[in-house]
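Novice: could you look at this predicted model? Sequence included:
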Amino acid sequence: MLDALVPEGVVAVIGASAVAGATDTVLISPDARQISVQAGSSGGGRSVTTTRDEDTFGREITIDGFLLTPGASAEVQARTDGAVSFASSVMQPSYGIKLRQAGAVSSMYAADGPLMMADDVHVIRLNWNNPTTATIEIDHGGDGTVDETRVLPNQVKKIYVPLVFHK
């Protein structure tokens with residue numbers, strides 16, 4: 001596990017290595033927008049979280065549950081246009097997406113990401129102020145062209161608790 005405080009935010013990287021003593025290589029941009037992980041050994045349950053404060057809000061982005069093999073890499077990026085990108089050099093059967101915003105408008109979004117083939121890039125776009133769905137733009141092979149689009153509903157649901165008065 002790695003926790004890093006950088007000038008523009010906080011980054012946490014968690015990984016489950018199958019080999020004792022193996023280490024991953026983690027690169028973090030100074031503004032905490034881009035985090036790259038290269039695996040030192042096989043293992044699943046890896047997670048990257050970046051938390052950044054902007055002028056009027058703060059955002060926490062977590063991509064979790066992804067797998068890496070030795071030498072494989074993954075990258076999470078909090079883009080300046082509000083989107084989030086996730087790239088992996090190996091296939092991901094699934095991965096978790098958890099997005100939170102705090103400020104004048106607070107919101108939460110969570111979903112399971114779709115199948116990702118090796119070298120794909122998934123760009124996750126949503127309305128942070130009302131995240132009922134997210135659009136996943138899938139770039140097969142990472143060539144910069146959107147080849148497929150998926151819409152994922154928000155799995156976070158509001159629960160209303162009844163108010164009961166007692167004498």
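Specialist: Perfect, thanks for sending it.
Novice: which strand residues bridge the residue sitting nearest the centre point of the chain?
Specialist: Nearest to the geometric centre of the chain sits Ile63, at 2.6 Å (Cα atoms, centre = their mean). Per DSSP bridges, the residues bridged to Ile63 are Val48, Ile97.
Novice: quick check: it touching Val48?
Specialist: Yes - the pair Ile63 and Val48 qualifies as a contact (Cβ atoms under 8 Å) at a distance of 5.4 Å. From N, CA and C alone the C-beta is placed, and that goes for glycine too.
Novice: list residues touching both of these two?
Specialist: Shared contacts of Ile63 and Val48 (Cβ atoms under 8 Å, 6 or more residues apart in numbering): Ala74, Val76.
Novice: for Ser94, list the residues it contacts.
Specialist: Contacts of Ser94 by Cβ under 8 Å, 6+ apart are Gly65, Asp112, Gly113, Pro114, Leu115.
Novice: show me the contacts for Ile28.
Specialist: Ala4, Val6, Val11, Gln34, Ile35 are the contacts of Ile28 under Cβ under 8 Å, 6+ apart.
Novice: and the residues you listed, which are buried?
Specialist: Applying 16 or more other Cβ atoms under 10 Å to the contacts of Ile28, the neighbour count classes Val11, Gln34, Ile35 as buried.
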